[in-house]
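S.K.: Coordinates only, no sequence provided:
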Ligand SMILES: *[C@@H]1O[C@H](CO)[C@@H](O)[C@H](O)[C@H]1NC(C)=O
């Protein structure tokens, strides 16, 4: 669906517009890679530049992303800092035929942790990240909240950094079951933090940003999400 839409747009543009240096201004321009405030929300957008990725901040808590044969990207809106007790309401569309996630994502420091509440996903099941000890991870069981069932678990990825050797990043996950996946709803963050603390031994550090993120890896799709400022 998304690729048809994108190529239909390109074909129309190519037919209608003479090839001049002015032509590019008619191509929709996305938000540049970066992070900061936009219309009362914190946003963060990053891509490694592969393929076509257009992320756009829209009014209030809204954003859209279109990606075609992307390499890797990540973008969304929310708050900085995050809160453990926030109920996060979002709504929209998420269409991905390839590996992509729609999640509440945030980070803490001391200790350095990335956390994910994955609400919807594409072709790759995110629980494979921590199932069966992959990525030094482990499963922590299942929790029921917000009308769905989530599998929880963590991974510990070791990255080589240019100075100082290895860097370990812990990621904790709640992954909404395939049957309950959704692109609109409310996420009770406290319920997830309580489960991560109790079942995974998470130590919660200083909260950094917390956003409703769309991310993709090697593939195509589109999402349009509005985060509402409740709680
Ligand atoms: C979040 O939602 C839950 C369930 O409705 C409620 O019990 C809790 O008080 C809410 N938390 C906040 C901070 O509003």
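M.R.: Yep, it's here. Quick caveat: nothing in here was measured; it's all calculated off a predicted structure.
S.K.: any low-confidence regions in this structure?
M.R.: 1-28, 164-165, 230-231 (pLDDT under 70).
S.K.: the helices in it, which residues?
M.R.: Taking DSSP state H, the helices of the chain run over residues 2-16, 189-200.
S.K.: need the contact list for residue 108.
M.R.: 115, 204, 205, 206, 207, 208 (Cβ atoms under 8 Å, 6 or more residues apart in numbering). C-beta: built from backbone N, CA, C; applies to glycine.
S.K.: Pick out the most distant pair among the residues you listed.
M.R.: Spatial extent of those (Cβ to Cβ) is set by the pair 115 and 206 at 13.2 Å.
S.K.: between those two, who's got more neighbours?
M.R.: Remark: of residue 115 and residue 206, residue 115 carries more neighbours, 24 against 10, as counted by other Cβ atoms under 10 Å.
S.K.: Show me what the residue lying closest to that one once chain neighbours are set aside is bridged to.
M.R.: Nearest residue to residue 115 in three dimensions, chain neighbours excluded: residue 172, at 4.8 Å (Cβ to Cβ, 6 or more residues apart in numbering). Beta-bridge partners recorded for residue 172 (DSSP bridges): residue 115, residue 154.
S.K.: Residue 172: what's it in contact with?
M.R.: 113, 114, 115, 116, 152, 153, 154, 196, 200, 202.
S.K.: What segments of this structure are strands?
M.R.: Listed in chain order, the strands of the chain (DSSP state E) span 34-38, 41-47, 52-57, 62-68, 72-79, 87-96, 100-109, 113-121, 138-145, 148-161, 165-176, 185-188, 206-217, 221-228.
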